[in-house]
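**Student:** Everything below, folded, please.
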Amino acid sequence: MPDTRLQDLRGQTDRSAADLTLTPPKLEVRGLFKSFAIQKQSLTVLDNINFHIASREFVCLVGASGCGKSTLLNIVAGLATPSAGSVLVDGRAVSGPGSDRGMVFQNYTLYPWLTVSQNIAFGLQLRKMPKAEQRDRINYYLNVVGLTQFAKSYPKQLSGGMKQRVAIARALANEPAVLLMDEPFGALDAQTKEQMQQFLLELWEQTHVTVLMITHDVEEAIFLSQRVYVMSARPGRMKLEVPVGLPEHRDLEMKLSAEFVEIKRQILHSLRE
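**Tutor:** This is a model prediction of the structure:
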């Protein structure tokens, strides 16, 4: 088993939201604007976005379609540039894609000609990691996502949920400072989606990687995260920050609790305004 930063964090799960705010932000977005030129006019998509995520925190962004969630995530990932403002990871400004940010998309983005193991190894090979270390890390993350027996399978032989597990394992294998997720379960059926939500929460409990995830599913955001940011309709602004004061260890039955329903009511009310 590789000696990784994520392994060192295992077991450190009893941290409240108040504790997290005492540490320097792992990810910080400051005064972010994004505009596009359309027919000689400027269309503002993101308007003065400011937020932070502490180390080992799971945060979700929710908002109506077209509010700029994916644009914001692409800027954080370094796949797009802001018109103004900055993104910092561990205090360093983001100027483009980097191994300090892992990205998981809705459509899996696996290479169909590579096996599960080879897909997970892709980023490690680009970094020219020694073969022995690659093997250790691949085996470790195959075990973490429960796909050891599918190591030699190809994506076409996997279900949608299993493909997404491979995509998550590939992102985690590079040990990013922040894991970015763009509606990763949006293409799954309702039952598989709930199974993947439970899987992701258990994975986060085990690794405590810092996560920023965007979703249009309010229940999903509450179930997974410690805080939820609500974005307004275009131009996208940070409208509301909602702490999720639920126990860190959660099961699907918690979605029926009075506390869960009250948080959901607060977020839906904000989205409807």
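**Student:** what about the stretch 1-150 of the chain, any weak spots by pLDDT?
**Tutor:** Scanning the stretch 1-150 of the chain with the threshold set as pLDDT under 70 gives 1-23.
**Student:** what do you get if the cut-off is 50, keeping everything else the same?
**Tutor:** For the stretch 1-150 of the chain, the stretches with pLDDT under 50 are 1-21.
**Student:** Would you map the strands across it?
**Tutor:** For the stretch 1-150 of the chain, the strands defined by DSSP state E, counting those that start in this stretch cover 25-38, 41-54, 58-62, 84-89, 92-93, 101-104.
**Student:** List just the one of those that sits closest to residue 138.
**Tutor:** strand 101-104 (15.2 Å; C-beta to C-beta). C-betas here are computed from N, CA, C, even on glycine.
**Student:** picking that back up, any idea which of the strands of the stretch 1-150 of the chain is most buried?
**Tutor:** strand 58-62 (a mean of 25; mean count of other C-beta atoms under 10 Å).
**Student:** partners of that strand, with directions?
**Tutor:** Sheet pairing of strand 58-62 (DSSP bridges) gives strand 210-214 (parallel), strand 227-231 (parallel).
**Student:** now the angle from the first one to strand 25-38?
**Tutor:** Comparing the axes of strand 210-214 and strand 25-38 via axes from the mean of the first three to the mean of the last three C-alpha atoms, to 10 degrees yields an angle of 30 degrees.
**Student:** tell me the domain boundaries of the protein?
**Tutor:** If you go by automatic domain parsing, the domain ranges for the chain are 17-100+177-272, 108-175.
**Student:** what helix or strand is residue 219 on?
**Tutor:** helix 218-224 (DSSP states H and E).
**Student:** Work out the gap between that helix and the centre of the chain.
**Tutor:** Offset of helix 218-224 from its chain centre (C-alpha atoms, centre = their mean, to the nearest Å): 13 Å.
**Student:** State the mean pLDDT of it.
**Tutor:** For helix 218-224, mean pLDDT is 95.
**Student:** Packing partners of it?
**Tutor:** Counting by 3 or more C-beta pairs under 8 Å, 6 or more residues apart in numbering; DSSP states H and E, the packing neighbours recorded for helix 218-224 are strand 58-62, helix 190-207, helix 258-272.
**Student:** Isn't residue 24 up against residue 91?
**Tutor:** Yes - using C-beta atoms under 8 Å, residue 24 is in contact with residue 91, at 6.9 Å.
**Student:** about what we covered before: can I get the strands of the stretch 1-150 of the chain in JSON lines with distance to residue 256?
**Tutor:** Listed next are the strands of the stretch 1-150 of the chain as JSON lines, based on distance: least, C-beta to C-beta, whole Å:
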{"stretch": "strand 25-38", "distance to residue 256": "32"}
{"stretch": "strand 41-54", "distance to residue 256": "28"}
{"stretch": "strand 58-62", "distance to residue 256": "20"}
{"stretch": "strand 84-89", "distance to residue 256": "37"}
{"stretch": "strand 92-93", "distance to residue 256": "42"}
{"stretch": "strand 101-104", "distance to residue 256": "28"}
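**Student:** between those, which gets nearest to residue 112?
**Tutor:** strand 101-104 (17.4 Å).
**Student:** So the most far-flung residue of the chain relative to its centre versus residue 82, what's the distance?
**Tutor:** Seen from the C-alpha centroid of the chain, the residue lying at the greatest distance (C-alpha atoms, centre = their mean) is residue 40, 35.0 Å away. Distance, residue 40 to residue 82, using C-beta to C-beta, to the nearest Å: 21 Å.
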